[in-house]
Each structure stands twice: as structure tokens, then as C-alpha cells.
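In: Model the structure of this input:
(one chain, ligands or ions: 1)
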Amino acid sequence: MADLDGQPVGVEMLETFREAIRFRHSTRRYADRSVPDDGLAHLLEFAAQAPHLTDVPPRVTLISGREQVGQILARYIGVYGLVQGAPHLLVGLIPEDSDRARLDLGYVLEQVVLEATRRDLSTCWMTGSYHPERAADRVERRPGEVIAATVALGYAREDRLARLHDSTIRRLVAAHRRRPLEEIVFAGKWGAPWSPTRADPALVEVLECARLAPSAENRQPWRFVVEGGAKLRLHLFLTGPSPIDAGIVMAHVALAGAELGWDGHWVLHWQDPALLEMVSAPPGIIPVGTFS
Ligand SMILES: Cc1cc2nc3c(=O)[nH]c(=O)nc-3n(C[C@H](O)[C@H](O)[C@H](O)COP(=O)(O)O)c2cc1C
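Out: Presented below is the predicted three-dimensional model:
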């Protein structure tokens, strides 16, 4: 963290994941400062122990060294520009090239991103801005394993030029914008209006944490159908095929819900037509799962 002149003000740890969710944003310019070894070890341990959604969970491994990481990141992709100076790269490995495995990677790696954010570290999810084959040369893979995403990790550069660069990219992808809850949440059936004003405050807080999740190109493809009554259920759908984004938003719901005392969990219904039918969702919408 830094004061208004960009001077570090010492390490402060954010207490809750909900604070980390509000504080996190993608950083594309990193300071020339490595993360202490015990901090890196903690994140890898955290990743290995993180709750997951499939039988064979993804693995998270690490590449360190600005030069090594720089060679992997040196790729210009669309509006993103370069991610520069990151001293570390978290590499997400999935056991097989499937949507479910990607979804679980989103779930596990976003928990790590938020734990890193709690510890004053900056991150940037990447599925485009890196060379997968160069990353593959530098990590040990088990048979069948595929690299599905990476996350730049380090301390943010706080000088004016770096801030200008980051804010320009953020404007280009409209990174600061999120759809209002009324647009992404429906009551009971697809398209039925839902309003936060009459809803349980804990539910509104969980959905607000979902809404703030990062997604590729900030597409925010998630839609929720809330089923009220004695037993609250949240059904998650996607407007496009982006399983990693689905896993990320599921992590936000699970972490925020746990902090608010919910003892719910996700059950996957990936591409299950019964879930579409149940809420009368139109064709093309992808069912993901139910939190209850
Ligand atoms: C799955 C995924 C892939 C992403 N890929 C890239 C990428 O290749 N390069 C990049 O600069 N940003 C990438 N991003 C960052 C998004 O653009 C960013 O999360 C989004 O614009 C929201 O901004 P915020 O993270 O600052 O809230 C990715 C994000 C996600 C979730």
C-alpha cells in the first residue's frame, strides 16, 4: 500500500476476503522488489489446500525472476498491452484440457489471488498476455497437464507513469465498470426482476462481492437466479463459454458467504439442461451450478 505520493506506508494485512475483493484490481506495472520467500511459500501452500470443485484439482506452481517472467510475458495482446516487471508468475495447471478443469482453476486460483491481495500483493490474471509454450518449458508438468492461465504477482509500481499506464489500460477495457446487480440477478425465473432493496442484506453483500469479480476483458458473463423461501439457492449461469470466469465468481460467492456465516457450498451443474429448464433460461445460456 502507498500514500498519495506513492510512498510505501508499511505492510497492512486486510482482515477479510470481502475487503480484498473490494481492494483488488489488475496491476500491469510492477516494482523492482521480490516477494519474501515465506510469503511465496504461504501462497503455494494455500493453493494446495484450497477448496476445489472437481475430483482432480488444478495445481498452482510458481516461476520467479523478473527476467524469466519477462520472457514469458513478452507478448502484446489486443487492448491489454504488456504486463511488465512482474517478479513472479503463478502458473495454473489443469489435469486435462476440459471446461470443468478450467472452471476449477478459476475457483482455486482466485482464492490465491485474494489471499495475495490480503497480504498487500498485486496481481493480474492472464489467459492472453503470455506465451504458454515458454511457460510450459519452465515448469514441471505431470502427464496430461496443461497450463490454462497465469497470474502476475508482485508489488505494484506506484510512480505516476506506471499509474498512468495502468489507468489507461483499465479505461480501455472499462475495467472499473461493473454491471448493476439488477442486470445480473433474477428472482426465481430468468428475466424476472430482482431488487436489492427488499432482499436479505447478507445476500446483497454476497452478490455485490460476486459482481466485483474480475473476468477476461471485463465481460462479466455471470447471471444469477435467486430462489428464495426457507432454503435460499443461487443458480449461476454464463452468457458465453468462459469457465475460468465462472470459477472466479464462484470463489467470490463461497468466500463472502462463509464470512457472513453461510454454511452453503457449490454443486456443479455444468451444461446441465435441467437447470436451464428449471428457470426457463433461453438457449445459448450456459448452466454452471447451484450454491445452496
Ligand atoms: C480469466 C481472465 C483472463 C485475463 N486475461 C488477461 C490478459 O491476458 N491480459 C491482461 O492484461 N489482463 C487480463 N485479465 C484482466 C482483466 O482484463 C480484468 O480482470 C478486468 O478488466 C477487470 O479489471 P480489474 O481486474 O482491474 O477489476 C484477465 C482476467 C481474467 C479473469
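In: tell me how far the ends of stretch 135-151 are from each other?
Out: Taking CA to CA, to the nearest Å, stretch 135-151 runs 12 Å from one end to the other.
In: and what of stretch 48-56?
Out: Length of stretch 48-56, first residue to last, CA to CA: 12 Å.
In: Please apply the same query to stretch 228-246.
Out: The stretch stretch 228-246 measures 22 Å between its terminal residues, going by CA to CA.
In: low-scoring stretches of the stretch 1-150 of the chain, by residue?
Out: Along the stretch 1-150 of the chain, the model assigns pLDDT under 70 to residues 1-11, 75-81.
In: quick one, strands of the protein?
Out: With strands called from DSSP state E, the chain shows them at 59-64, 88-94, 122-126, 146-154, 185-187, 222-227, 233-238, 266-268, 286-291.
In: can you list the ones you listed in CSV and add mean neighbour count and distance to the ligand?
Out: For glycine as for every other residue, the C-beta is placed from the backbone atoms N, C-alpha and C. Converted to CSV, the strands of the chain look like this (neighbours: other CB atoms under 10 Å; distance: least, CB to the nearest ligand atom, whole Å):
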stretch, mean neighbour count, distance to the ligand
strand 59-64, 19, 14
strand 88-94, 25, 10
strand 122-126, 24, 4
strand 146-154, 24, 6
strand 185-187, 21, 19
strand 222-227, 21, 11
strand 233-238, 22, 12
strand 266-268, 17, 18
strand 286-291, 23, 15
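In: Between the ones you listed, which one is closest to residue 274.
Out: strand 286-291 (8.1 Å; CB to CB).
In: what lines up beside the closest one in the sheet?
Out: According to DSSP bridges, strand 286-291 forms sheet pairs with strand 233-238 (antiparallel), strand 266-268 (antiparallel).
In: and the shortest one, average pLDDT?
Out: By that I understand strand 266-268. On average, the pLDDT along strand 266-268 is 98.
In: who's in contact with it?
Out: Contact partners of strand 266-268, identified using CB atoms under 8 Å, 6 or more residues apart in numbering, comprise 53, 54, 100, 103, 250, 253, 254, 288, 289, 290, 291, 292.
In: so what's residue 249 up against?
Out: Taking CB under 8 Å, 6+ apart as the definition of contact, the neighbours of residue 249 are 210, 213, 215, 222, 236.
In: out of those, what pair is the most spread apart?
Out: By the measure CB to CB, the contacts of residue 249 have their two most distant members at 215 and 236, which lie 13.0 Å apart.
In: okay, and the common contacts of these two?
Out: With contacts defined as CB under 8 Å, 6+ apart, the residues shared by residue 215 and residue 236 are 222, 249.
In: Just the buried positions in stretch 255-273, please.
Out: Buried residues in stretch 255-273, counting neighbours by 16 or more other CB atoms under 10 Å, are found at 255, 256, 257, 259, 260, 262, 264, 266, 268, 269, 270.
In: I'd assumed residue 287 was in contact with the last one.
Out: Spelled out, it's residue 270. Yes - Residue 270 sits in contact with residue 287 when judged by CB atoms under 8 Å, with a separation of 7.1 Å.
In: Near the ligand, which residues of the stretch 101-250 of the chain are found?
Out: Counting by CB under 6 Å from any ligand atom, the residues of the stretch 101-250 of the chain lying close to the ligand are 124-129, 149, 170, 173, 175, 214-218, 244-245, 248.
In: can you list the weak-confidence ranges in the stretch 151-292 of the chain?
Out: 175.
In: Next, count neighbours for residue 190.
Out: The criterion is other CB atoms under 10 Å. On that basis, residue 190 has 16 neighbouring residues.
In: Not counting its neighbours along the chain, what's nearest it?
Out: residue 281 (4.3 Å; CB to CB, 6 or more residues apart in numbering).
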